[in-house]
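J.: sharing a model prediction with you, sequence too.
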Amino acid sequence: MPVILRSADYAKYPFLPEALRRIEEIGLTLEELGEGELGREILGRAVENLKSVISSRRYPPPHEDHEKEIAIFMATLILASAIGDRVLWERLAVAFSKRTALYLSEEELEKILYIGSRIAGWLAEPSPGGARIYFRDFIEYAPEYSGRWKIVNRPLDRGFLEASRRELARLAETAVKKHVLRMLGRVRIDYEELPQAFYNAIEDISREWASRRREFTLVGVKIDSKETPKYFPPCISSLVEALRQGKNLSHSARFALAAFLSNIGYGVDDIIEIFRLSPDFREDLARYQIEHIAGLRGSRTKYTPYKCDNMRSLGLCKWSCEGVRHPLQFFYKALRGRRPRVVEEE
Amino acid sequence: MIDAERLAAGIFRRYYRAAKVDPPPAIERREFGFVFFGSKSMVRHIAFNSPEELEDFLRAKYPRHVYYSSAYYERPGEDRMDDKGWLGADLIFDIDVDHIYTPCKEQHDRWVCRSCGAEGWGLVTRCTRCGSERISRQTWVCDTCIAVSRDELIKLVEFLEEDFGIAEDEMYAVFSGHRGFHLHVEKDALRGMGQDARREISDYVRGIGISPELFLEKRRQRYVLRYDVGDPGWPGRIARYAVYRYGVAGKPELRLSEWRKIFDDAVREERCEIDEKVTIDIKRLIRLPGSLHGKTGLRVLRIPLSRIEEIDVLREAIVAGDEEAIVRMEKPPRRVFWYTLDASKDKHRVPLHLALYLALNGGAVIERIVR
């Protein structure tokens, strides 16, 4: 069945390839952004969008003129891309996909499937209960991996599974988020062509973002081997406890623990003191590995510990912590006095 | 006395001169890693532009271990992983008897406690005398190991075909050269999957995350299964298991606790024991089919799915000859390949292919080869 997009759809879904083609039709170029009445309006709205995303994690509703909305959307991406911070990109993509989700939840099935196929290559076809969708597309865009979203809990038949219209809308929301992130990564800016007004806007937003970002990156953890363990999630506490009892940890358990400690600010020596409890402790080996994990050796990448889903798959997690997807998230919440509720699973 | 390393190096050299090692598809996008004779560390980040380059390399260097990336990279030869430009990866499964219970480990695997010196047969996680977890192990492969891991492999293939719709010609099995199998899925549509998606597939075949409540419906004070024996996926597996195990036809009404027990048993029976780390990792190096395994001297054997059930894996994987050799080894494995050894003796007359394995994997001394 052919899907017909109306102009109102372009305003809701300005990321669609056919929407982007419309800007070419109005013939707006980068040099004109911020110049002339139209350019100023578009740049002004893009700045507002980003400021709203920064201050309240909300992406404002679309401009009533769908062609302008498409241009504003693109200008917003270009601005965010010029600032270049992936944390900001992620926040923008999430906020934008949340706005899209409002429309998707009301959308007819065919259009949801169409959007999924256009931006994420979905293989899906309508069925009596919604649609049959290829497992790859379901697991790639599922919002979480538990309960109904976990494919073990659904009949999976030769690669395809049934999903309801509502579930498909939720999958499309993640697809939009990932699509926006991809678009941000692909933006190429010719800085020589950039008008002055655009530079000013970048500076303006950078300043605002920098002050915001400091708030949540610098939590000011003072490492105190007596105090900080109080904020550890149960998975990490149990690893420390296992070491204390002289148990031998698996390779992945060691990695999880060392990466966690390194990420919350423990130095290599602090971490070594903890691993000293290990039955097969060898300081030279331990130091080498910990320095590697802390990003002081080899590829110089600082490793982050596994997220909750991975901890579970590796058999390192048998808890369920409310609203937590990553052990570090638990730590930061607890540190701010909002310790997540923990339920131990059977 | 014969230097086993040199003997192995010679055998490997002759093998690579004559063998036709099938290159992986898109060889110019793969990273390779090698361990050479006389060295313990891996040389990696090697790239080849063509199958011929790889062939020449193998012929000239006859490495002890050969690995290639399941991943495809823009620039596979870059030293830093971040600079390689990841493009996608094949989907790989690893079945290894290290992770599975087998009755034969009592016959061949040995452990020594590094704390108190106690030793024994079988697979233990802690010393049976002092409780320490500082254990050194020596593990071996026998025909039972192969039979057990083959059963897991067959289960895995069923999951992939029936549940995931992967066609027979989109995957193949590989004998790892030691204690298990790998399964490679080379399918364009699945290459781009990230770690989360791969973990979901791994959890699926391992039966992790099943929530019985989602399969059940409350009826009066009891519960009935919402699914039928003919349904696909885990729902159908659970339904079939319930019938098979309890002989209950139709829709039994049971208490939640009774259902939980059935679910637990069904999952234990039906799941496939894979090493999840291999499947989740999108930048892993895996043994190249057609190469030789440096601890066993066996060939890493590519096996089309149609041959899984009938193939005599160990016999086909053997490269070294049958001439008899005299080896010296205390407490050798009692069962190894398809041979039985007398562990109370320390001199053994065995075929060369076994002598080589005993020497490379267990430090046996090859005294001489009998013509």
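T.: Done, it's in. Remember, it's a predicted structure, so these values are computed and weren't measured experimentally.

J.: give me the distance between the two termini of stretch A:321-332.
T.: Taking CA to CA, to the nearest Å, the first and last residues of stretch A:321-332 lie 13 Å apart.

J.: what does that stretch contact?
T.: A:144, A:219, A:231-236, A:256, A:260, A:263-264, A:304-309, A:311, A:333, A:340-343 (CB atoms under 8 Å, 6 or more residues apart in numbering or on different chains). All C-beta atoms are positioned from the backbone trio N, CA, C, and that covers glycine.

J.: switch to 6 Å and redo it
T.: Residues outside stretch A:321-332 that contact it (CB atoms under 6 Å, 6 or more residues apart in numbering or on different chains) are A:Y231, A:P233, A:I236, A:F260, A:N263, A:I264, A:P305, A:K307, A:C308, A:P340, A:R341, A:V342.

J.: now, these that are in strands?
T.: Judged by DSSP state E, the subset of these located in strands is A:V342.

J.: pop the domain breakdown of chain A in here.
T.: A:7-103+A:178-216, A:108-167, A:228-344 (automatic domain parsing).

J.: and the second one, how far apart are its ends?
T.: Meaning domain A:108-167. End-to-end distance of domain A:108-167 (CA to CA): 13 Å.

J.: in the chain, where is pLDDT below threshold?
T.: You didn't pick a chain, so chain A it is. Within chain A, the stretches with pLDDT under 70 are A:1-2, A:24-28, A:214-226, A:299-300, A:346.

J.: right idea, wrong chain: chain B
T.: Scanning chain B with the threshold set as pLDDT under 70 gives B:248-249, B:371.

J.: could you chop it up by domain?
T.: Each domain of chain B is listed here as a residue range: B:4-94+B:171-193+B:274-317, B:212-270, B:320-371, per automatic domain parsing.

J.: is the second one in proximity to chain A?
T.: When you say that, I think you mean domain B:212-270. Yes: applying CB under 6 Å from any CB of the partner chain, one finds domain B:212-270 touching chain A at B:L214, B:D231, B:P232, B:G233, B:W234, B:P235.

J.: next, the distance between the ends of that domain.
T.: 15 Å.

J.: distance between it and the chain's centre?
T.: Distance of domain B:212-270 from the chain centroid (CA atoms, centre = their mean, to the nearest Å) equals 32 Å.

J.: in contact with B:K331, which residues?
T.: Residues near B:K331 by CB under 6 Å, 6+ apart: B:A343.

J.: near chain B, which residues of the stretch 201-346 of chain A show up?
T.: Residues of the stretch 201-346 of chain A that fall close to chain B, judged by CB under 6 Å from any CB: A:N248, A:P279, A:D280, A:S299, A:S313.

J.: which of those are buried?
T.: Buried members of these, scored by 16 or more other CB atoms under 10 Å in any protein chain shown, are A:N248, A:P279, A:S313.

J.: can you redo the residues you listed as TSV with secondary structure?
T.: Shown next, in TSV, are these (DSSP: H, G, I helix; E, B strand; the rest coil):
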residue	secondary structure
A:N248	coil
A:P279	coil
A:S313	helix
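
J.: and the gap between A:S127 and A:G116?
T.: Distance, A:S127 to A:G116, using CB to CB, to the nearest Å: 15 Å.

J.: which residue of those two possesses the greater neighbour count?
T.: Shown here are A:S127 and A:G116; by other CB atoms under 10 Å in any protein chain shown, A:G116 has more neighbours (24 against 13).

J.: for the more buried one, give its distance to chain B.
T.: For A:G116, the distance to chain B equals 15 Å [CB to the nearest CB, to the nearest Å].

J.: secondary structure class for the nearest residue to that residue once chain neighbours are set aside?
T.: Distances taken as CB to CB, 6 or more residues apart in numbering or on different chains place A:W122 nearest to A:G116, at 3.6 Å, with adjacent residues excluded. State at A:W122, reduced to three classes by three-state DSSP: coil.

J.: again, but for the one 10 residues further on
T.: For A:R132, the reduced secondary structure class is strand; criterion used: three-state DSSP.

J.: can you pull the contacts of the closest residue to chain A within the stretch 51-200 of chain B?
T.: Of all residues in the stretch 51-200 of chain B, B:G165 sits closest to chain A, at 2.6 Å by CB to the nearest CB. Applying CB under 6 Å, 6+ apart to B:G165 gives the contacts A:R158, A:G159.

J.: report the secondary structure state of it.
T.: Secondary structure, three-state DSSP: B:G165 is coil.

J.: dihedrals phi and psi, the residue of chain A found nearest chain B?
T.: Minimum separation of chain A from chain B (CB to the nearest CB) falls at A:G159, amounting to 2.6 Å. Backbone torsions for A:G159, taken as degrees, to the nearest 10, come to phi 90, psi -10.

J.: just checking, it touches B:F164?
T.: Yes: counting by CB atoms under 6 Å, B:F164 is a contact partner of A:G159 at 5.4 Å.

J.: okay, the two: which has more neighbours?
T.: B:F164 (25 against 21).

J.: what distance do you get for the more buried one to B:K187?
T.: As for B:F164, its distance to B:K187 is 10 Å (criterion: CB to CB).

J.: same question for B:D322.
T.: 40 Å.

J.: cool, A:R165 as well?
T.: As judged by CB to CB, A:R165 and B:K187 stand 29 Å apart.

J.: next: B:R226.
T.: From B:R226 across to B:K187, the span is 32 Å (CB to CB).

J.: these two: who's more crowded?
T.: More crowded of B:R226 and B:K187, by other CB under 10 Å: B:K187, with 17 against 13.

J.: ok, and the closest non-adjacent residue to the more buried one?
T.: Counting by CB to CB, 6+ apart, the nearest residue to B:K187 once its immediate chain neighbours are dropped is B:E170, at 4.5 Å.

J.: wait, doesn't the one you found sit right on B:A189?
T.: No: in terms of CB under 6 Å, B:E170 does not count as a neighbour of B:A189; the distance is 9.2 Å.

J.: mind listing what the one residue in the stretch 251-371 of chain B that gets nearest to chain A touches?
T.: Nearest residue of the stretch 251-371 of chain B to chain A, counting by CB to the nearest CB: B:E276, 5.7 Å away. Residues in contact with B:E276 (CB under 6 Å, 6+ apart) are A:S313, B:S202.

J.: contact residues of the stretch 1-150 of chain B facing chain A?
T.: Counting by CB under 6 Å from any CB, the stretch 1-150 of chain B comes close to chain A at B:R80, B:M81, B:E133, B:R134.

J.: which members of those are classed as buried?
T.: By neighbour count, with 16+ other CB under 10 Å, these hold B:E133, B:R134 as buried.

J.: just say helix, strand or coil for A:A175.
T.: helix.

J.: so what's the residue count around it?
T.: A:A175 has 26 neighbours, counted by other CB under 10 Å.

J.: skipping adjacent residues, who's closest to residue 320 in space?
T.: Because you didn't say which chain, this covers chain A. A:V343 (4.8 Å).

J.: sorry, should have said chain B
T.: Nearest non-adjacent residue to B:A320, counting by CB to CB, 6+ apart: B:H353, 4.0 Å away.
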